[in-house]
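Visitor: A structural model of the following input is requested.
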Amino acid sequence: MTDYTAWERLCTLIDDDPEIWPSVQEALHGGADDDHEKGHGDHDHQADTDESGVEEDDGADEAWGALIDALDDCGALAYLHADDTAMELADALAGVPRVVRIGLDTDEIGDVDGDVPTASAAADTLLAPAGLALVFLEEDSDAYPLVVVPRESVPEIVDTAAALGFVARQLP
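Guide: The predicted model follows:
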């Protein structure tokens, strides 16, 4: 699977909103080297790779940011910070389309004592009977971008994100 195909697959696994993949695709295209895109034969491809052979400015960071932004734009992202409470998680999840569709009462999440990972674990437990899971998309040390995904997609989401150089996981 090429990186381009992996990005498209990751977008599809996380959410079915048709605007997500085009946003990521645009970020990937914007991060590509113009000479390489135009197919100039004298371009030294070796200069664009690090010592591990991975392309340096391939647009991946921009694509990950575009994915998170697109999920936020379509309402599929519950975006929290480390100092947020379980009540804030409950409020954020209450507007996520997949949570709305199953009619989940998020008040029980708001009653949880603890930090965002603790409240997220409680939310994940409530989502499980509906075949859904809560997945964390690592962005920075203070942020908790969370998405609700089909439970059976979690391993592939985690593996695909890792193959692209990013972290997606269920919180403990």
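
Visitor: so, low pLDDT: which residues of the protein?
Guide: Within the chain, the segments meeting pLDDT under 70 span 31-57.

Visitor: strands of this protein, residue ranges please.
Guide: 77-81, 132-137, 143-150, 168-169 (DSSP state E).

Visitor: who does the second one pair up with?
Guide: What it means is strand 132-137. Partners of strand 132-137 in the sheet, by DSSP bridges, are strand 143-150 (antiparallel), strand 168-169 (antiparallel).

Visitor: and Leu164, how many neighbours?
Guide: 18 (other CB atoms under 10 Å). (Each C-beta comes from the backbone N, C-alpha and C, glycine too.)

Visitor: ugh, wrong one, I meant Gly103
Guide: Neighbour tally, Gly103, other CB under 10 Å: 7.

Visitor: please identify the most buried of the strands paired with strand 132-137.
Guide: Mean neighbours per residue, mean count of other CB atoms under 10 Å, is largest over these for strand 143-150, with a mean of 22.

Visitor: all helices of this structure, in order?
Guide: 3-14, 20-31, 34-38, 60-73, 86-94, 97-102, 107-110, 116-127, 154-163 (DSSP state H).

Visitor: tell me the spacing between the most centrally placed residue in the chain and Gly110.
Guide: Centroid check for the chain by CA atoms, centre = their mean gives Leu137 as the closest residue, at 4.4 Å. Using CB to CB, to the nearest Å, Leu137 is found at 22 Å from Gly110.
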